[in-house]
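S.K.: sequence first, predicted model second:
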Protein chains: 2
Amino acid sequence: MWFFAVKMIPGPAIEELRALLGERFSVSQAVRAHHGRDESYFAPVPPEAVAFARSTDEVACIVAVCRAHRVPIIPFGAGTSVEGHILAVHGGLALDVSQMNRIVAVHAADMDATVEAGVTRKQLNDHLRDTGLFFAVDPGAEATIGGMAATRASGTNAVRYGTMRENVIALTAVLADGRIVHTARRARKSAAGYDLTRLFVGSEGTLGVITEVTVRLHAVQEALSAAVCSFPSVKEAVDAVIETIQSGVPVARCEFLDALSMRAINRHFKTAYPERMTLFLEFHGSKAGVAEQAAAVQAIAREHGGSDFAWATKPEERSRLWHARHNLYFAGLQLKPGARYVSTDVCVPISRLSECLVETQKDLDRSALPIVVAGHVGDGNFHLGILFDPQKPGELDEAKAIYERLVARALAMDGTCTGEHGVGLGKVKHLVAEHGEDTVSVMRDIKRALDPENLMNPGKVLRI
Amino acid sequence: MWFFAVKMIPGPAIEELRALLGERFSVSQAVRAHHGRDESYFAPVPPEAVAFARSTDEVACIVAVCRAHRVPIIPFGAGTSVEGHILAVHGGLALDVSQMNRIVAVHAADMDATVEAGVTRKQLNDHLRDTGLFFAVDPGAEATIGGMAATRASGTNAVRYGTMRENVIALTAVLADGRIVHTARRARKSAAGYDLTRLFVGSEGTLGVITEVTVRLHAVQEALSAAVCSFPSVKEAVDAVIETIQSGVPVARCEFLDALSMRAINRHFKTAYPERMTLFLEFHGSKAGVAEQAAAVQAIAREHGGSDFAWATKPEERSRLWHARHNLYFAGLQLKPGARYVSTDVCVPISRLSECLVETQKDLDRSALPIVVAGHVGDGNFHLGILFDPQKPGELDEAKAIYERLVARALAMDGTCTGEHGVGLGKVKHLVAEHGEDTVSVMRDIKRALDPENLMNPGKVLRI
């Protein structure tokens, strides 16, 4: 499927890397295969070798070897990309930072933490358990914080707590030419020069290797309560969300799941939710505040035909609820054994969300493929998980056609082709459709200025 | 004071600009003088000419003429910089966008608005009056939204609603080579390529001319209440703030003013506030929520020796309070007739704020200059307004020495030299001290990639 010139890593580079890393450098088939596949629908493309780094300085040494021998570098965290970010389409080395998993510092008083890029969100939150603080960004996957920064990830909490864009305070990155960049101090705000933090957040490994990240933490509120509410139609569910957002209620989570998503969850988790259009909601605040928010949203939901809230207030009930939501990806895969997903990720202004989802639903109704629809609708962001059988090329073609129509629909509504998954391999052309050639050419200029030899994750985000 | 090579704008460029703009192009002394001075302590440096643009396309035409004749371009909004941003230290043209003051669109349902760069924050909020929405970023000055985006401005609301970094959704900018960049769609979040929005926010006119900005709006909450609380010492006031922030109370505003600031306000506005260390607080939420927040903060304040809250709940009382805060700059100037300010703008992690302010206070106590201290302490950001007599060079030297010591103190505490005013002319060297040479060299690479001839606001932010 991919036709790229893959050049072998030269022998001297292999030797230098082996001398540097010993057993933490590998050319074994198994290790390469593990680093050549992600959760996207793209065919695997293994790297030619894998290096496991343990420090920023070691990353700099690896990058120096690669630069000297013009070996492409693909930063690798947990491999949970859904956009082909880690596929070695130009050959080269996977630079795995998963062993860089030290929590460097927690500044509880400042509500921030500095972690190495390989720390996962779950690891950080486990570490924070007794501090009264948490790290809010929660993509479904057990991603690394470095990877989440690289793709500008978000998740269910973004409607209240923001995405990685808002939650990264500073980061350290190693550039192709060996410079080590510390983008910012720990102050909560700064006007000191260009915002390199935000430039690296979402750069998908194409500008440098992120090795350390300082993230914002949030106070765990006194009361946390989750609720499930089902609706007669997608329009009514989404209209309730839009009205909630517009009312200024600081809802903490606001997730839409369609009837098929609910069926997938019920099957996989042995739950008994109504298999209807559903919202998973969560409220954070003081006890009185949560009660007030919940009452306001229940009233709005009812006006749109919503059911009475089914509450999940105990910690274990809430955990179960969000575990199901976070694992919808895997639950959905069970609907069609042997299938894979084409995932979409559009995000539109919320005033257009209802229209976008209704039109999309009509399009889906014409397809025989099972398609789960779920999303962070408080942000205007939703996903289709289009299940196709990789053995049947017609199904992939059909899935891609749905995908293309959805992106076109979102762009026509002033939306984006990707709310949180990133551009990766699959949306390089959509990026141009979204921003126009002039704007994308500015991104190319920046890429060339910082990585003139195109060694950093080549083929992703931009055609150079 | 400034020694720069100023080259005259060539005659043909003057003729082309006059042909293009007619009376909206000026070389008059008065117009140039108006565009050559800001609110900083730097000596005025007028541009050689001023062009008043009325559209993005017209900005592009002006930039084309300037590029052809290598004329430096200084974007100009309201001229309220406190860092010398608009001084024509390399000569050239002031490109005034103040006539680009159209509110292009208000998308109330999406809680955003698109405005031309010359719209002021007050103009936008007046326009929004009946929508139930407001634009939250509020520097003291009546700045333009384009200028605020360019300097990554913030203000009293930032502790809850964020700075321009969080409140700009998208913008349009004209680059030195004539490309017009639309950085993003209106979706609330996006992972579509490099974050050019955030790159231009805070670029201080050095990467291009911002001509249009889409900003996030916020819902005006049901209840708004402001309170004044005074403290025996700076340490106690600031410790109360730190504890408030750490408790997770979503305080909307949290401003520190020292005793001298309060005296300046009392004199200028004929008010009768206690002339002690003071916090101006504001709470936004439901009626019950505001009462709950206020009770929590009052309890914290009391533990730190704070007075009972003096409430400002009626709209006119709140307006008066914040009008006084926003005009502290001018009130302070009256303390020493004929004086000007050296303003500082450090921001430190809040855990270090108390220590930073106490050490700074000791330093100030050794100076005979009147110095007002005030700040957005919920963010860790505070300002000194050091009043000096421009006729007495020793006073400027003393003010600068205090400034230098404060920046060094803040950097040693993992803080930044500028929380919201920007780098401008005065902090070019501090930027290197703050970020290190490697990181600043990356900023220079980006500048050179987008403006290879250094035509865009040369001399600001970076030495090229």
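M.R.: Yes, it's here. Numbers count the residues shown, from 1 in each chain, chains lettered A, B, ... in the order given.

S.K.: so how far is A:A78 from the most centrally placed residue in chain A?
M.R.: Central residue of chain A (C-alpha atoms, centre = their mean): A:A153, 3.7 Å from the mean position. Look at A:A153 and A:A78: by C-beta to C-beta, to the nearest Å, they are 11 Å apart. In this view, the C-beta of every residue, glycine as well, is placed from N, C-alpha and C.

S.K.: what's the domain layout of chain A?
M.R.: A:11-99, A:103-219, A:221-424, A:427-464 (automatic domain parsing).

S.K.: now do the end-to-end distance for the longest one.
M.R.: When the termini of domain A:221-424 are compared using C-alpha to C-alpha, to the nearest Å, they are 36 Å apart.

S.K.: show me the shaky parts of chain A.
M.R.: A:1-7 (pLDDT under 70).

S.K.: joint contacts of A:A153 and A:A78?
M.R.: Residues touching both A:A153 and A:A78 (C-beta atoms under 8 Å, 6 or more residues apart in numbering or on different chains): A:143, A:147.

S.K.: neighbours of A:S367, how many?
M.R.: For A:S367, the neighbour count with other C-beta atoms under 10 Å in any protein chain shown is 14.

S.K.: what bridges to A:F52?
M.R.: Note on A:F52: beta-bridge partners A:D96, judged by DSSP bridges.

S.K.: would you confirm that it contacts A:F25?
M.R.: Yes: using C-beta atoms under 8 Å, A:F52 is in contact with A:F25, at 7.5 Å.

S.K.: show me which residues of the stretch 201-350 of chain A are close to chain B?
M.R.: Counting by C-beta under 8 Å from any C-beta of the partner chain, the residues of the stretch 201-350 of chain A close to chain B are A:201-203, A:207, A:218-219, A:221, A:242, A:245-248, A:250, A:285-286, A:288-289, A:292, A:345, A:347-350.

S.K.: now, of these, which are buried?
M.R.: A:201-203, A:207, A:218-219, A:221, A:242, A:245-248, A:250, A:285-286, A:289, A:292, A:345, A:347-350 (16 or more other C-beta atoms under 10 Å in any protein chain shown).

S.K.: please flag which of the residues you listed sit within helices.
M.R.: Using DSSP state H, the subset of these located in helices is A:242, A:245-246, A:289, A:292, A:350.

S.K.: how about the residue of chain A most remote from its centre, secondary structure?
M.R.: Distance from the centre of chain A peaks at A:P12, with 36.3 Å (C-alpha atoms, centre = their mean). For A:P12, the secondary-structure state derived from DSSP: H, G, I helix; E, B strand; the rest coil is helix.

S.K.: end to end on stretch A:308-328, go ahead and measure it.
M.R.: Using C-alpha to C-alpha, the two ends of stretch A:308-328 sit 23 Å apart.

S.K.: thinking again about what came up before, tell me which of the domains of chain A sits nearest to B:E453.
M.R.: Checking the domains of chain A against B:E453 by C-beta to C-beta gives domain A:427-464 as the closest, at 14.2 Å.

S.K.: and the closest one, what's buried?
M.R.: Buried residues in domain A:427-464 (16+ other C-beta under 10 Å): A:427-428, A:430-432, A:434-435, A:439-447, A:449-451, A:454-462.

S.K.: which ones are touching the closest residue to A:D38 other than its chain neighbours?
M.R.: Nearest non-adjacent residue to A:D38, counting by C-beta to C-beta, 6 or more residues apart in numbering or on different chains: A:S81, 4.2 Å away. A:S81 is in contact with A:38-40, A:147, A:151, A:421-422, A:424, counting by C-beta under 8 Å, 6+ apart.

S.K.: quick check on A:D110: phi, psi?
M.R.: Reported as degrees, to the nearest 10, the phi and psi values for A:D110 are phi -100, psi 0.

S.K.: for A:V348, give its distance to B:H182.
M.R.: Taking C-beta to C-beta, one finds A:V348 at 17 Å from B:H182.

S.K.: what's the first helix or strand after the biggest helix by length in chain A?
M.R.: Longest helix in chain A by number of residues, with DSSP H as the criterion: helix A:393-412. Using DSSP states H and E, the helix or strand that follows helix A:393-412 in sequence is helix A:428-435.

S.K.: report the inter-axis angle for that following helix versus helix A:393-412.
M.R.: Angle of helix A:428-435 versus helix A:393-412, following axes from the mean of the first three to the mean of the last three C-alpha atoms, to 10 degrees, is 20 degrees.

S.K.: list the buried ones in the longest helix of chain A?
M.R.: Quick answer for helix A:393-412 (16+ other C-beta under 10 Å): A:395-396, A:398-399, A:402-403, A:406-407, A:409-411.
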